[in-house]
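[1] predicted model, plus sequence, below.
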Amino acid sequence: MFGPPGAGKGTQAKIITETRGWPQLSTGDMLRSAIAAGSELGRKVEAILAKGDLVSDEIVIGIIAERLDKPDCAKGAVFDGFPRTIPQAEALDRLLAGRGKKIELVIELKVDDAILLKRVEQRIAEGHSRPDDNPETLKNRLAVYYKNTAPLLAYYKGQKKLVTIDGMAPIDSVTKAIAKAIDMAGKKGWFG
Ligand code: AMP
């Protein structure tokens with residue numbers, strides 16, 4: 001799942017997990033749990049998340065490598081918030097190849113910046129925001145997204161794996177468009 005912060009990646013990844021049974025691998029959630037647990041990793045990354053900067057490639061590649069070896073990933077997984085840089089994407093390709101697997105489909109949720117800001121303000125108003133959900137940090141998270149992560153779209157487009165979906169449509173329509181893209185990718189023989 002690909003897209004700027006607030007695009008709906010997490011929401012849609014959870015629905016895919018429910019309907020297809022592929023676990024959601026969210027590096028953001030894993031890092032937040034490490035912070036909540038007060039582990040050494042958590043202490044190392046806390047300030048970075050608070051600012052909306054990226055944690056080092058080495059750290060996130062390490063946590064994904066470990067997670068991929070859990071038995072629930074045997075039949076597939078939904079990556080949410082990973083990879084976020086070209087070196088992470090290259091490392092993921094290597095990790096998957098070493099396990100006889102590959103990325104089958106990349107779904108980009110496209111949402112205008114003004115709407116992302118509104119969504120974050122709504123999350124704050126509704127009381128289910130995260131510590132890095134504030135307009136200032138969002139601006140930095142967006143800048144980081146366009147600088148480091150958006151170039152990955154060309155990487156996956158070149159591999160003919162990219163499907164772009166309007167993330168401003170109602171949640172249900174986005175879910176349906178994603179389901180269609182997954183089914184189509186399956187028919188084309190991408191899965192298997
Ligand atoms: P997210 O919940 O995906 O928006 O991630 C929250 C924060 O965790 C990000 O703003 C980064 O600080 C950090 N983070 C999550 N995933 C990655 C990643 N793949 N690479 C680097 N930093 C990440």
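    Right, received. Where do you want to start? Residues are numbered from 1 along each chain as shown.

[2] CA atoms for contacts and neighbours, from now on please.
    Noted.

[3] list the buried residues for the helix or strand bottoming out on mean pLDDT in the chain?
    Scoring the helices and strands of the chain by mean pLDDT, DSSP states H and E places helix 113-125 at the bottom, with a mean of 90. With burial defined by 16 or more other C-alpha atoms under 10 Å, the residues of helix 113-125 counted as buried are 113, 116-117, 119-121, 123-124.

[4] please name every helix or strand in contact with the next helix or strand after that helix.
    The helix or strand immediately downstream of helix 113-125 is helix 135-144, counting by DSSP states H and E. On a contact count with 3 or more C-alpha pairs under 8 Å, 6 or more residues apart in numbering; DSSP states H and E, helix 135-144 meets helix 40-51, helix 113-125.

[5] after the shortest one comes which helix or strand?
    Same thing as helix 40-51. With elements assigned by DSSP H and E, the helix or strand that comes after helix 40-51 is helix 57-68.

[6] give me the angle between that following helix and helix 40-51.
    120 degrees (axes from the mean of the first three to the mean of the last three C-alpha atoms, to 10 degrees).

[7] other SSEs contacting helix 57-68?
    Going by 3+ C-alpha pairs under 8 Å, 6+ apart, helix 57-68 lies up against helix 27-37, helix 86-97.

[8] now it: average pLDDT?
    Averaged over helix 57-68, pLDDT sits at 97.

[9] and it, how far from the chain's centre?
    Centroid separation between helix 57-68 and its chain, computed with C-alpha atoms, centre = their mean, to the nearest Å, is 14 Å.

[10] picking up where we left off before, of all the helices and strands packed on helix 57-68, which one is nearest the ligand?
    helix 27-37 (3.5 Å; C-alpha to the nearest ligand atom).

[11] which other residues reach stretch 30-48?
    Defining contact as C-alpha atoms under 8 Å, 6 or more residues apart in numbering, one finds that stretch 30-48 is touched by 54-55.

[12] just to revisit the earlier point, in a markdown table, list the helices and strands packed on helix 57-68 along with mean neighbour count.
    What follows is those, written out as a markdown table (neighbours: other C-alpha atoms under 10 Å):
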| stretch | mean neighbour count |
| --- | --- |
| helix 27-37 | 17 |
| helix 86-97 | 16 |
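
[13] can I get those in a markdown table with distance to the ligand and mean pLDDT?
    As requested, these are arranged in a markdown table below (distance: least, C-alpha to the nearest ligand atom, whole Å; pLDDT from 0 to 100):
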| stretch | distance to the ligand | mean pLDDT |
| --- | --- | --- |
| helix 27-37 | 4 | 97 |
| helix 86-97 | 7 | 97 |
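
[14] ok, which of these comes nearest residue 147?
    helix 86-97 (11.2 Å; C-alpha to C-alpha).

[15] show residues contacting the next helix or strand after the closest one.
    Using DSSP H and E, the helix or strand that follows helix 86-97 in sequence is strand 106-110. If you take C-alpha under 8 Å, 6+ apart as the criterion, strand 106-110 is touched by 1-4, 7-9, 156, 161-168, 178.
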